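Undergrad: Got a predicted structure here, sequence first:
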Amino acid sequence: MTEPFVRVEALPAKVGDTVTVNGWLYNARSGKGLYFLELRDGSGIVQVVVNEEQVGAEAFEAAGSLTQESAFRVVGEVKADDRQRGGVEVQAQSVEVLALAEPYPITPKDHGVEFLMDRRHLWLRSQRQWAAMRVRNRIITAIHAYFQGEGYIQMDAPILTGNAVEGTSTLFELDYFGEPAYLTQSGQLHGEAMAMAHGKIYTFGPTFRAEKSRTRRHLTEFWMIEPEMAFYDLAMNMEVAEELLVAILAAVTADCRDELETLGRDVGKLEAAMATPFPRLSYTEAVELLTGDATQTLLDAEQEGLEDEKHALETERDENRARYGQAKKGEKRRIDAREIAINVRLDEIAEGLRNIPSWKASARDFEWGSDFGASDETVLTRHFQTPVIVHRYPAAVKAFYMKRDPEDDRLALGMDVLAPEGYGEIVGGGERATDLQFLRDQVEAHGLPESAFDWYFDLRKYGSVPHAGFGLGLERTVAYVCGLSHVRETGPFPRLLGRLHP
RNA sequence: GGGUCAGUAGCUCAGUGGUAGAGCAUCCGGCUGUUAACCGGACGGUCGUAGGUUCAAAUCCUACCUGGCCCGCCA
């Protein structure tokens, strides 16, 4: 499609040309006889300079009438200017108003979470949200590219199911023409069936959990990518997860530099996270690391670091306050803004300092056989710069369909990948049980209705083979890659407890 | 489900028992290169809701509602 206008992202290649650009007003500044309009068109933002002497009274007035988020069209010359983002600006020759916006609620200033979430449909236009959605898109395309390049077939698991898959999570229940039905919590079991048909498959779709979890890591609706591979064992499964994550990190660090900068993401940390192989710790080794001296030392150092930062910030705040009286108005505003930023960080530090003693206690007192808590996962990953793979968990804390470790029947051949920087579990999976009688016993032991699994048992009756797979949580992955503090900013319209609109 | 913090102008917040405040947004004016521009002015309030204490409540007490963060559960 040849477009009759130029998109902002293409402007750097058009220096010297006269072009048409369409967009919305992101922000504006003015001087006598001058308007500086930040035009946002979805591909980027460019500054449009409107000079009264060059455009005439009518167009100049049109530029002055534009309110934030008004739609407008500009014809002008693309000029190189090092001071601008992207290195270009547009010197307007004409300005046409397409739609004047009513007063726009989201200003280029601070807003609270609730206010922004109520206006998510508009918030998506803001820079950070825009950048996060672009990274999400790049992650999605990287995932497809990886699997397609490796010969996987993408297949969809059903969203409506007649039974609770693992019997653990709380599901959303529906009325399916008089029968009880549920929104899927995992495509896992159907994925296994599809892998027996195609060898290597992956699902890519929504999953649902009705748990009343209110944390930075939880959504009630989220997207999961679930590869399933026939003739793969646990070690091969871990290798797939590692390759997939490296492919994602490589794609984003290569193609989303501007977005990561907008998000304030430390790209060095993402690059460091690509070093392979990722550590592979057995659950037992992880428990030893968690309960050992190294973890206590690490947390002591973190506590010291936080205390040093706290003192530095308090000193800066006191110095700012001391010169506040003599400061001019603009300087006072900057001091006020800085004070707010300092207080936010001090609150975070105070929370960290409150948490560390309980983290230390939780780590030190951890007992073999339990599942890791959120703080234990965070503490484990603090020892490494890359994601960490933990495998061979106690069977009791894993799903019924996991294969047992032939070396130790207490263990299941499950594996989790923990993301760095406290982002927690982004991958969970393992090698699946192949023995029909074992699965029947497990279903019974877990109190699940055997009739619901008749088709699943068939997979073991007709050519049962070793196979493995895992689920990758898309939103947690996006949060980690973007450095977002909450998964609510990882998708366009996140569904959380108490959040169904917009 | 548990813990904890908060709710004051459209937004972000200050005000902790005695006249309801600031910055931003909006509107008006100034400035010929601004970068969350800047400067001057105007506009803007049922202090979450309901009770209570007090001469007097945004401020103290009780209940409820809504939200943030943390834990549990999970990807």
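TA: Structure received.

Undergrad: Which SSE is immediately downstream of the worst-scoring helix or strand of chain A on mean pLDDT?
TA: None of the helices or strands of chain A scores lower by mean pLDDT, DSSP states H and E than helix A:329-364, at a mean of 74. Per DSSP states H and E, helix A:329-364 leads on to helix A:374-381 as the next helix or strand towards the C-terminus.

Undergrad: For that following helix, list every residue counted as buried.
TA: Of the residues in helix A:374-381, A:375-381 count as buried by neighbour count, 16 or more other CB atoms under 10 Å. Using the backbone N, CA and C atoms, a C-beta is placed for each residue, glycine as well.

Undergrad: do stretch A:107-123 as well
TA: Going by neighbour count (16+ other CB under 10 Å), the buried part of stretch A:107-123 is A:116-117, A:119-120, A:123.

Undergrad: Redo those residues as CSV? Include secondary structure and distance to RNA strand B.
TA: Below are the buried residues of stretch A:107-123 laid out as CSV (DSSP: H, G, I helix; E, B strand; the rest coil; distance: CB to the nearest atom of the strand, whole Å):
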residue, secondary structure, distance to RNA strand B
A:Leu116, helix, 8
A:Met117, helix, 7
A:Arg119, coil, 9
A:Arg120, helix, 12
A:Trp123, helix, 12
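
Undergrad: Specify which member of those is nearest to A:Arg364.
TA: A:Met117 (38.2 Å; CB to CB).

Undergrad: Doesn't A:Gln54 belong to a helix?
TA: Yes. Membership of A:Gln54 in a helix is supported by DSSP: H, G, I helix; E, B strand; the rest coil.

Undergrad: Quick check, it in contact with A:Gln91.
TA: Yes. Shown here, A:Gln54 and A:Gln91 form a contact pair, counting by CB atoms under 8 Å, at 7.2 Å.

Undergrad: how many other residues sit next to the residue of chain A found nearest RNA strand B?
TA: Closest residue of chain A to RNA strand B, CB to the nearest atom of the strand: A:Lys32 (1.8 Å). A:Lys32 has 5 neighbours, counted by other CB atoms under 10 Å.

Undergrad: A:Pro420 and A:Tyr480 touch, don't they?
TA: Yes. The pair A:Pro420 / A:Tyr480 is scored as a contact, 7.5 Å apart, by CB under 8 Å.

Undergrad: before we move on, which element is A:Met238 in?
TA: Assigned by DSSP H and E, A:Met238 belongs to helix A:234-255.

Undergrad: Give the buried residues for that helix.
TA: For helix A:234-255, the neighbour count (16+ other CB under 10 Å) marks A:234, A:237-242, A:244-249, A:251-253 as buried.

Undergrad: so what strands line up beside the longest strand seen in chain A?
TA: For chain A, the strand with the greatest residue count under DSSP state E is strand A:18-31. Strand pairing for strand A:18-31, using DSSP bridges, gives strand A:34-40 (antiparallel), strand A:71-80 (antiparallel).

Undergrad: all helices of the stretch 151-300 of chain A, in order?
TA: A:188-198, A:234-255, A:257-263, A:267-272, A:283-291, A:293-324 (DSSP state H, counting those that start in this stretch).

Undergrad: quick one: average confidence on the shortest one?
TA: To tie it back to what came earlier, the one meant is helix A:267-272. In this model, helix A:267-272 has a mean pLDDT of 95.

Undergrad: what does the fifth one give?
TA: Per-residue confidence for helix A:283-291 averages out to 93 on the pLDDT scale.

Undergrad: That one vs RNA strand B: in contact?
TA: No. Residues of helix A:283-291 contacting RNA strand B under CB under 7 Å from any atom of the strand: none, with a closest distance of 12.6 Å.

Undergrad: now do the longest one
TA: No. For helix A:293-324 and RNA strand B, the contact criterion (CB under 7 Å from any atom of the strand) is not met; the two come no nearer than 12.1 Å.

Undergrad: buried set for that helix?
TA: A:295, A:298-299, A:302-303, A:306, A:310, A:313, A:317, A:320.

Undergrad: Sort out which one of those residues lies nearest A:Lys109 for me.
TA: For these, the minimum distance to A:Lys109 (CB to CB) is 20.1 Å, reached by A:Asn320.
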